[in-house]
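Engineer: A predicted structure for the sequence below; I have some questions about it.
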Amino acid sequence: MTSKRIGRHMDIGRGPFRTDQLHTGDNYELSNGHAIYCAPTGGDGARRAGHAFEIIDSDPSVEDAGIDPGFTLESGTLRAPDVAVGVTDAPGWIQGAPPLAVEYAGRGQDEADLQTKIDELLGAGTRWIWVVRLTGPRRVEVYSRDAEVRVLGIDGILEAPGILKNPVPVLALFDREAAHELTLRNLLQRRGFEGLDEALSESRREGREEGRGEGREEGREEGQRALLEALLSTRFGPLDEASKRHLLEAPPERLLAIAQRIMTATTLAEVLPA
């Protein structure tokens, strides 16, 4: 980390506030005891932070991602990246720093505080910070402790070895369809498949074998339906009985269409209408 990034709160002394004085829902972060107001996120940042979360949370190597988690870096510093890895499933602030953090920087971004936040996170142990720029050319700034800042354009590829299994195209942090495709790949990898084609081919093969063994045609689609139920449950939570029945009764020719809609839909009803 270079010494050029000096935030506005780093040279004015210790402030009076402590992290234990803040509560979940307070619209503030703390930097060296100074309170920093965090305004609500605009639509462009909120949507795209959702892209980053679903990509990172679904990565086969990640089990602990979160949105806007509060990390206590020391008694007077509390920082909440837009998306981060290292989020414990417990109430209260998280002690320590996330290994990977993502920040979306849009119109009105306080650049001085952003640079201070980056310094504080890296100084507390964060390995990588991706700053996704929502103004100007689409790009991501990559910060790490031991290297100069790198700027990757829309065709760039982001990596976080030891944290994420898969690389992340910069495009996927901006584009909904690209994010969904990447997330679907991640979910399939969690179940042992490299992609949708492989998963469907395997389910068809198992279905054919089961069909031959049982002497009935219905066995050919059973593997596909089981796979789709697993993917739907991963994406939207456990299926209720009506949804299971809908999937079970869907004609074979609809199964591929259901699979293709899983990651573009925002609700289960869009995939399996009542």
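Structural biologist: That came through fine. Numbering: from 1, shown residues only.

Engineer: In the chain, what residue spans correspond to strands?
Structural biologist: 28-31, 34-37, 65-67, 71-74, 77-79, 83-85, 94-95, 100-105, 128-133, 139-144, 147-153, 157-158, 168-169 (DSSP state E).

Engineer: residues in contact with the first one?
Structural biologist: Outside of strand 28-31, the residues that reach it under the criterion C-beta atoms under 8 Å, 6 or more residues apart in numbering are 7, 9-10, 15, 17-19, 22, 35-38, 70, 76-80, 113, 116-117, 120. Bear in mind the C-beta positions are built from the backbone N, C-alpha and C, glycine included.

Engineer: hmm, back to that, the strands of the chain into TSV, with extra columns for mean pLDDT, mean neighbour count and distance to Leu248?
Structural biologist: What follows is the strands of the chain, written out as TSV (pLDDT from 0 to 100; neighbours: other C-beta atoms under 10 Å; distance: least, C-beta to C-beta, whole Å):
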stretch	mean pLDDT	mean neighbour count	distance to Leu248
strand 28-31	94	21	49
strand 34-37	92	18	52
strand 65-67	94	20	32
strand 71-74	96	22	44
strand 77-79	97	26	47
strand 83-85	97	28	36
strand 94-95	96	16	42
strand 100-105	97	24	39
strand 128-133	98	22	41
strand 139-144	98	19	43
strand 147-153	95	12	45
strand 157-158	98	16	40
strand 168-169	97	22	36
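
Engineer: where are the low-confidence patches of the stretch 101-250 of the chain?
Structural biologist: Residues of the stretch 101-250 of the chain meeting the criterion pLDDT under 70: 194-221, 223.

Engineer: And the helices in this protein?
Structural biologist: 43-58, 111-124, 176-190, 196-214, 219-236, 241-249, 255-261, 268-271 (DSSP state H).

Engineer: The ones you listed: which one's closest to Gly156?
Structural biologist: Among these, the nearest to Gly156 by C-beta to C-beta is helix 176-190 (12.9 Å).

Engineer: relative to helix 219-236, how tilted is that closest one?
Structural biologist: Interaxial angle of helix 176-190 relative to helix 219-236 (axes from the mean of the first three to the mean of the last three C-alpha atoms, to 10 degrees): 120 degrees.

Engineer: How far does helix 176-190 sit from its chain's centre?
Structural biologist: 11 Å (C-alpha atoms, centre = their mean, to the nearest Å).

Engineer: Domain map for the chain?
Structural biologist: 19-175, 191-271 (automatic domain parsing).

Engineer: Distance to Asn186 added to the strands of the chain, as a markdown table?
Structural biologist: A markdown table is the format used below for those (distance: least, C-beta to C-beta, whole Å):
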| stretch | distance to Asn186 |
| --- | --- |
| strand 28-31 | 30 |
| strand 34-37 | 33 |
| strand 65-67 | 11 |
| strand 71-74 | 24 |
| strand 77-79 | 26 |
| strand 83-85 | 14 |
| strand 94-95 | 23 |
| strand 100-105 | 15 |
| strand 128-133 | 17 |
| strand 139-144 | 19 |
| strand 147-153 | 20 |
| strand 157-158 | 14 |
| strand 168-169 | 10 |
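
Engineer: so which of the ones you listed comes closest to Gln189?
Structural biologist: With C-beta to C-beta, the closest approach to Gln189 among these belongs to strand 168-169: 13.8 Å.

Engineer: for the closest one, packing partners?
Structural biologist: With contacts taken as 3 or more C-beta pairs under 8 Å, 6 or more residues apart in numbering; DSSP states H and E, strand 168-169 sits against strand 157-158, helix 176-190.

Engineer: now the ones you listed in JSON lines, with distance to Ala90?
Structural biologist: Shown next, in JSON lines, are those (distance: least, C-beta to C-beta, whole Å):
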{"stretch": "strand 157-158", "distance to Ala90": "29"}
{"stretch": "helix 176-190", "distance to Ala90": "24"}
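
Engineer: gap between Ala97 and Thr88?
Structural biologist: 13 Å (C-beta to C-beta, to the nearest Å).

Engineer: Compare these two (neighbour count), which wins?
Structural biologist: With neighbours defined as other C-beta atoms under 10 Å, Ala97 and Thr88 compare such that Ala97 has more, 22 against 13.
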